[in-house]
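Asks: Below are the sequence and a predicted model for it; my questions follow.
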Amino acid sequence: MHNAAFAALGLNWRYLAFEVTPRDLRAALEGARAMRFAGLNLTVPHKLAALEWVDTLDGSAKTCGAVNTIHLETTRGGKIRAVGFNTDADALMAALREELGFEPRGAKVLLLGAGGAGQAAALKFAAENVGALCLANRTQARAKAVADEIKQRFPAVHLMVGWPESAVDLAVNATSLGLKADDPSPLDERQFSLRRAGAVFDMIYRPPQTALLRAARAAGCRAANGLGMLLHQGAKAFEIWTGRPAPLEVMRHALEKSIYG
Ligand SMILES: NC(=O)c1ccc[n+]([C@@H]2O[C@H](COP(=O)([O-])OP(=O)(O)OC[C@H]3O[C@@H](n4cnc5c(N)ncnc54)[C@H](OP(=O)(O)O)[C@@H]3O)[C@@H](O)[C@H]2O)c1
């Protein structure tokens, strides 16, 4: 999607993928700086380690406690300064608005998963002043740790660890359950019925339809997969690096073609 966007804007830039081990992360980032890359995206498992490497953190990375985008900017003195951003959480909000008409302020949200994506989403929902946030995760201690951080940083948010006792406006899957075609739904309907959810968002985009999304549609919920989130995190990173508006429809088309064929 980035290369399609560069081409559409007539930019002589390239977006390339590199596989880097955690041991080599620092060397790889210093190499990118030395080679005057415009910026980088980072994915699992590098999003936390990058917090320590960058020279400064944008508010988006501070809110989520993770970096998925680095801008290597040239200072007036000619040095290259690394600024860490997080475009995942803003992208989640953009996709929720665009695809489900969801507005976070005052809404009741059930969030499944407390890994990297779950934690970033939870902190973002809290920062956006949701009315209530229920955190459910296979390992409850991890959900509790996220809840403790939210309590400290956003004490006004109504928080619960476990399944909601009443209806919710939105349920979000931030677990990796669903990545395999025969995975069951991460939402245990004996604990919480999808008939009590207005909308369902699954961060997974491949496969395009998970067991959770099938069940959500059958229960009459508005439902969307994670492709829109992937698109918007890329579009936001593109704007950070280039300083120009992202050609969103060009990027959407390239992404859909590359992922779904
Ligand atoms: N659309 C996008 O742009 C986008 C962006 C980021 C992430 N994602 C997706 O979000 C998902 C989570 O990513 P992540 O980076 O947060 O991964 P992660 O840090 O590895 O966290 C994985 C989460 O899934 C849970 N989980 C794993 N296997 C499970 C199972 N069998 N049953 C129930 N829960 C299970 C884990 O629970 P425990 O704590 O109990 O292990 C944890 O909450 C992935 O599917 C990823 O593809 C999508």
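Replies: Right, received. Where do you want to start?
Asks: Can you name the residues of the stretch 151-261 of the chain sitting close to the ligand?
Replies: Residues of the stretch 151-261 of the chain lying near the ligand by C-beta under 6 Å from any ligand atom: 174-177, 179, 186, 203-205, 226, 229-230, 233. To be clear about C-beta, it is placed using only N, CA and C from the backbone, and glycine gets the same treatment.
Asks: Would you write a ChimeraX line that selects the buried entries of these?
Replies: Buried residues within these, by 16 or more other C-beta atoms under 10 Å, are selected in ChimeraX with:
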select :174,175,177,186,203,204,205,226,229,230,233
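Asks: Kindly reformat the residues of the stretch 151-261 of the chain next to the ligand as CSV containing pLDDT.
Replies: Formatted as CSV, these follow (pLDDT from 0 to 100):
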residue, pLDDT
174, 97
175, 96
176, 94
177, 97
179, 95
186, 97
203, 98
204, 97
205, 97
226, 98
229, 98
230, 98
233, 98
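Asks: Relative to residue 76, which of the residues of the stretch 151-261 of the chain next to the ligand is nearest.
Replies: Closest approach between those and residue 76, by C-beta to C-beta: residue 233, at 29.8 Å.
Asks: who are the neighbours in contact with the closest one?
Replies: Counting by C-beta atoms under 8 Å, 6 or more residues apart in numbering, residue 233 makes contact with 68, 69, 87, 88, 90, 91.
Asks: Could you point out the helix or strand that follows the one helix or strand residue 90 maps to?
Replies: If you go by DSSP states H and E, residue 90 is part of helix 88-100. Downstream of helix 88-100, the next assigned helix or strand under DSSP H and E is strand 108-112.
Asks: Is that following strand in proximity to the ligand?
Replies: No. Using C-beta under 6 Å from any ligand atom, strand 108-112 never reaches the ligand; the gap is at least 7.6 Å.
Asks: Listing partners with orientation, what would you give for that strand?
Replies: strand 132-136 (parallel), strand 168-173 (parallel) (DSSP bridges).
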